[in-house]
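# my questions are about this predicted structure, shown below with the sequence.
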Amino acid sequence: MTNGNRLEELRDSIDAIDDKLLELLNSRAELAVQVGKYKSGNPSEFYVPSREKQIYTRLLRENPGPIPDEAVRAIFREIISACLNLEQPLTIAFLGPEATFTHIASMEHFGQSARYLASPSIRDVFSEVDRGRAHYGVAPIENSTEGVVNYTLDCLVETDLSICAEIELGITHHLMSTSGKMENVKRVYSHPHAIAQCRQWLELNLPDVELVDITSTARAAEIASDNDDAAAICSELAGKLYSLVPVMRKIEDKTNNFTRFIVVGKTRTKRSGNDKTSVVFGLSHAVGSLYHALEIISKFRINMTKIESRPSKIKAWEYLFHVDLEGHREDENVAAALKMLEERSLFMKILGSYPKSIQSAKGE
Ligand SMILES: O=C(O)C(=O)C[C@]1(C(=O)O)C=C[C@@H](O)C=C1
């Protein structure tokens with residue numbers, strides 16, 4: 001057989017598999033639409049993070065390769081996104097503008113079939129969901145280098161929305177400009193967190209340039225697109241949106257740079273079997289009160305993954321404690337611990353139980 005014939009034959013086999021895949025995808029979509037008919041019709045019931053987590057966990061456990069896990073996740077993200085869109089089109093509010101890392105995280109989680117609504121502030125993300133203009137909202141909550149996003153913690157306390165899911169995204173920063181030439185860069189624009197995450201690289205490579213804080217990495221890219229002597233620290237997506245080219249790629253000081261985002265909504269997420277619970281509580285000013293509160297968590301053998309304190313904003317020097325626990329609020333030990341914690345607190349609010357994130361590839 002000639003090489004040409006063999007190539008034809010291989011491509012014919014690929015075509016036959018693609019036909020089967022297409023047929024199967026449509027059968028899957030028809031089943032999802034039928035599943036949708038069992039839901040009450042309330043738009044916030046269609047997205048089921050616990051079920052999605054189970055699907056990904058099973059597929060990644062059983063993936064024999066050679067397709068890498070990351071690609072399996074991306075492919076099924078889009079399949080589920082398209083199926084969900086046939087059941088109920090969803091609108092997702094995110095901390096904008098377009099091409100921010102929150103936008104990238106939102107698309108990684110909800111896929112291309114959802115509709116996205118850029119919101120100018122974290123408070124606006126919450127308010128779009130509260131007022132029903134969006135079904136869900138996505139906001140950053142914590143960065144592995146820069147720490148928590150206080151504004152998101154405060155919005156969680158002040159509104160009635162729950163955390164439905166979390167998204168973890170690896171963050172990679174690029175220095176991008178109109179020319180891509182280092183010698184043209186006299187000013188660098190970016191969000192203060194992004195500048196802080198690239199501080200050592202900037203000191204070493206551009207010690208004399210002016211660093212200008214901007215409200216978002218995407219807005220920084222827009223400004224750099226109008227100024228030939230400036231560059232932005234931003235994602236590849238933001239750079240491309242404003243026709244910038246890389247001066248230098250991957251300039252973050254720590255390669256292990258992750259941001260955690262939360263999905264907020266009006267529904268409670270069911271157990272997936274591998275969940276987290278976020279809770280906030282306030283305690284009296286008494287000796288050992290925090291110690292005794294945390295003792296409850298350890299008594300029920302629950303792993304605490306995070307603790308943060310925030311001013312209560314009611315009385316000076318009084319604090320609220322934000323704690324993340326492993327487990328779901330419906331797990332027996334978590335439910336018992338939360339009940340006891342509530343009894344011993346001045347105030348307690350469960351912010352949500354949700355599936356632990358599956359770590360994503362780098363958000364570029
Ligand atoms: O199982 C469901 O509840 C579905 O709606 C189906 C499906 C899917 O495509 O597998 C779609 C969206 C949900 O978020 C979870 C799963």
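That came through, no problem.
# hmm, Arg249 is touching His174, no?
Yes: counting by Cβ atoms under 8 Å, His174 is a contact partner of Arg249 at 4.9 Å. Heads up, the C-betas are built off the backbone N, CA and C, glycines and all.
# which one's more surrounded, those two?
Remark: of Arg249 and His174, His174 carries more neighbours, 25 against 13, as counted by other Cβ atoms under 10 Å.
# for the more buried one, give me its contacts.
Neighbouring residues of His174 by Cβ atoms under 8 Å, 6 or more residues apart in numbering: 233-236, 239, 246-251, 364.
# near the ligand, which residues of this protein show up?
Residues of the chain that fall close to the ligand, judged by Cβ under 6 Å from any ligand atom: 32, 35-36, 47-48, 51-52, 55, 80, 83-84, 87.
# can you do 8 Å?
Near the ligand, the residues belonging to the chain are 28, 31-32, 35-36, 39, 46-49, 51-52, 55, 79-80, 83-84, 87 when assessed by Cβ under 8 Å from any ligand atom.
# with adjacent residues omitted, what lies nearest to the residue of the chain found nearest the ligand?
Minimum separation of the chain from the ligand (Cβ to the nearest ligand atom) falls at Cys83, amounting to 3.5 Å. In this structure, Cys83 finds its nearest non-sequential neighbour in Ala32, 3.7 Å apart by Cβ to Cβ, 6 or more residues apart in numbering.
# the one you found - how many residues pack around it?
When neighbours are counted by other Cβ under 10 Å, Ala32 registers 18.
# in the longest helix anywhere in the chain, what counts as buried?
Looking across the chain with DSSP state H, the single longest helix is helix 3-37. For helix 3-37, burial by neighbour count (16 or more other Cβ atoms under 10 Å) applies to 29, 32, 36.
# hmm, Arg187 is touching Ile223, no?
No: using Cβ under 8 Å, Arg187 is not in contact with Ile223, being 9.2 Å away.
# any common contacting residues for those two?
When contacts are counted by Cβ under 8 Å, 6+ apart, Arg187 and Ile223 are jointly contacted by Ala230.
# am I right that Tyr47 is in contact with His135?
Yes: assessed by Cβ under 8 Å, Tyr47 is found in contact with His135 at 7.2 Å.
# anything in contact with each of those two?
Here Tyr47 and His135 have 90, 265 as joint contacts, going by Cβ under 8 Å, 6+ apart.
# quick check: chain neighbours aside, which residue is closest to Val212?
Per Cβ to Cβ, 6+ apart, closest to Val212 is Tyr189, 4.9 Å.
# give the contact list for that neighbour.
Contacts of Tyr189 (Cβ under 8 Å, 6+ apart): 212, 214, 220, 223-224, 230-233.
# how does it look with 10 Å?
By Cβ atoms under 10 Å, 6 or more residues apart in numbering, Tyr189 lies in contact with 195, 210-214, 217, 219-224, 227, 230-234.
# the strand or helix carrying His292 - contacts with which helices or strands?
Secondary structure from DSSP states H and E places His292 in helix 289-299. Helix 289-299 sits against strand 275-282, strand 304-311, strand 319-326, helix 332-344, with contacts defined as 3 or more Cβ pairs under 10 Å, 6 or more residues apart in numbering; DSSP states H and E.
# might one say that Lys315 is in contact with Ser284?
No: the criterion here is Cβ atoms under 10 Å, and Lys315 misses it with Ser284 at 11.3 Å.
# how does the protein divide into domains?
With domains defined by automatic domain parsing, the chain comprises 174-254, 271-355.
# with mean pLDDT added, can I get these in CSV?
Below are these laid out as CSV (pLDDT from 0 to 100):
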stretch, mean pLDDT
domain 174-254, 95
domain 271-355, 92
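# tell me the most buried of the ones you listed?
Per residue and on average, the most neighbours among the domains of the chain fall to domain 174-254, with a mean of 19 (mean count of other Cβ atoms under 10 Å).
# residues near the residue nearest to Arg268 when sequence neighbours are not counted, how many?
Among residues not flanking Arg268 along the chain, Ser162 sits closest, at 6.0 Å (Cβ to Cβ, 6+ apart). Residues near Ser162, counting by other Cβ under 10 Å, number 21.
# for Ser162, list the residues it contacts.
So Ser162 contacts 156, 262-269, 278, 349-354 (Cβ under 10 Å, 6+ apart).
# which helices and strands sit right next to the helix or strand hosting Ala220?
Under the criterion of DSSP H and E, Ala220 resides in helix 217-225. Applying 3+ Cβ pairs under 10 Å, 6+ apart, one finds that helix 217-225 contacts helix 101-110, strand 174-177, strand 187-190, helix 192-197, strand 210-213, strand 230-234, helix 236-241.
# send me that helix as CSV with only the CA atoms.
What follows is helix 217-225, C-alpha atoms only, in CSV (Å, rounded to 0.1, in the frame of the first residue of the first chain):
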residue,chain,number,x,y,z
THR,A,217,-5.4,43.6,34.1
ALA,A,218,-7.8,43.8,31.1
ARG,A,219,-8.2,47.6,31.5
ALA,A,220,-4.4,47.8,31.7
ALA,A,221,-4.2,46.0,28.3
GLU,A,222,-6.7,48.5,26.8
ILE,A,223,-4.6,51.5,28.0
ALA,A,224,-1.4,49.9,26.7
SER,A,225,-3.0,49.5,23.3
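# appreciated, that's everything.
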